[in-house]
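A.B. asks: sequence first, predicted model second:
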Amino acid sequence: MTDIKVQFSSKKVITFLVLTFGITALFDISYILLRVSGDADIIFTTAAMWSPAIAVLLTKWIFKENIRTLNWKWPKKKYIFLSFAIPILYAFVTYLIIWSTGWGKFYNKSFVNEVATS
């Protein structure tokens, strides 16, 4: 595999940030002005979340750089496992504390009874 070196450039960083804010603003302003709700809400939210990725690709295109310099590859299996396990562990510890101290309950009995009878 070839070793690709990328040089830092403040112009590239500024371009990326301007594109990211611009693309995100485009979706956010459209969302507000169109008073989006329901299923369309998901489309605008997803588009805004993809704005940084779109901005990276546009920045690479503007500066005529190869996309291979992004160095996308799968990490080691250990890191993939940890990326799933750590959030589950955090949630487990949090719920364990909440339930064992009595600050929270598994479910609201009156709500469940009401739903069951309706």
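C.D. replies: That came through fine.
A.B. asks: tell me how far residue 42 lies from residue 94.
C.D. replies: Counting by CB to CB, to the nearest Å, the gap from residue 42 to residue 94 is 27 Å. In this view, the C-beta of every residue, glycine as well, is placed from N, C-alpha and C.
A.B. asks: oh, I was asking about residue 21
C.D. replies: 34 Å.
A.B. asks: so for the two, which sits in the more crowded spot?
C.D. replies: residue 21 (14 against 11; other CB atoms under 10 Å).
A.B. asks: which element is the more buried one on?
C.D. replies: helix 10-33 (DSSP states H and E).
A.B. asks: list the buried residues in that helix.
C.D. replies: Residues 12, 15, 16, 19, 20, 23, 24, 27, 28, 31 are the ones in helix 10-33 that count as buried (16 or more other CB atoms under 10 Å).
A.B. asks: who's in contact with the second one?
C.D. replies: Spelled out, it's residue 15. Contact partners of residue 15, counting by CB atoms under 8 Å, 6 or more residues apart in numbering, are 59, 62, 63.
A.B. asks: most neighbours among those residues, which one is it?
C.D. replies: Going by other CB under 10 Å, residue 59 tops the contacts of residue 15 with 20 neighbours.
A.B. asks: excluding residues flanking it in the chain, which one is nearest that one?
C.D. replies: Once flanking residues are discounted, residue 59 sits nearest to residue 16: 4.6 Å by CB to CB, 6 or more residues apart in numbering.
A.B. asks: quick one: the one you found and residue 55 touch, right?
C.D. replies: Yes: using CB atoms under 8 Å, residue 16 is in contact with residue 55, at 5.4 Å.
A.B. asks: related to what we said a few turns ago, export the helix holding residue 21 as PDB, just CAs?
C.D. replies: Provided in PDB are the C-alpha atoms of helix 10-33 (Å, rounded to 0.1, in the frame of the first residue of the first chain):
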ATOM      1  CA  SER A  10      -5.800  26.500   6.600                       C
ATOM      2  CA  LYS A  11      -7.500  27.300   3.300                       C
ATOM      3  CA  LYS A  12      -8.800  23.700   3.200                       C
ATOM      4  CA  VAL A  13     -10.000  23.800   6.800                       C
ATOM      5  CA  ILE A  14     -11.700  27.200   6.300                       C
ATOM      6  CA  THR A  15     -13.300  25.900   3.000                       C
ATOM      7  CA  PHE A  16     -14.500  22.800   4.800                       C
ATOM      8  CA  LEU A  17     -16.000  24.700   7.700                       C
ATOM      9  CA  VAL A  18     -17.700  27.300   5.400                       C
ATOM     10  CA  LEU A  19     -19.200  24.500   3.300                       C
ATOM     11  CA  THR A  20     -20.300  22.500   6.300                       C
ATOM     12  CA  PHE A  21     -22.000  25.500   7.900                       C
ATOM     13  CA  GLY A  22     -23.500  26.600   4.500                       C
ATOM     14  CA  ILE A  23     -24.900  23.200   3.600                       C
ATOM     15  CA  THR A  24     -26.200  22.600   7.200                       C
ATOM     16  CA  ALA A  25     -27.800  26.100   7.200                       C
ATOM     17  CA  LEU A  26     -29.400  25.400   3.800                       C
ATOM     18  CA  PHE A  27     -31.200  22.400   5.300                       C
ATOM     19  CA  ASP A  28     -31.900  24.000   8.600                       C
ATOM     20  CA  ILE A  29     -33.400  27.200   7.200                       C
ATOM     21  CA  SER A  30     -35.500  25.200   4.700                       C
ATOM     22  CA  TYR A  31     -36.700  23.100   7.600                       C
ATOM     23  CA  ILE A  32     -37.800  26.200   9.500                       C
ATOM     24  CA  LEU A  33     -39.300  28.100   6.700                       C
END
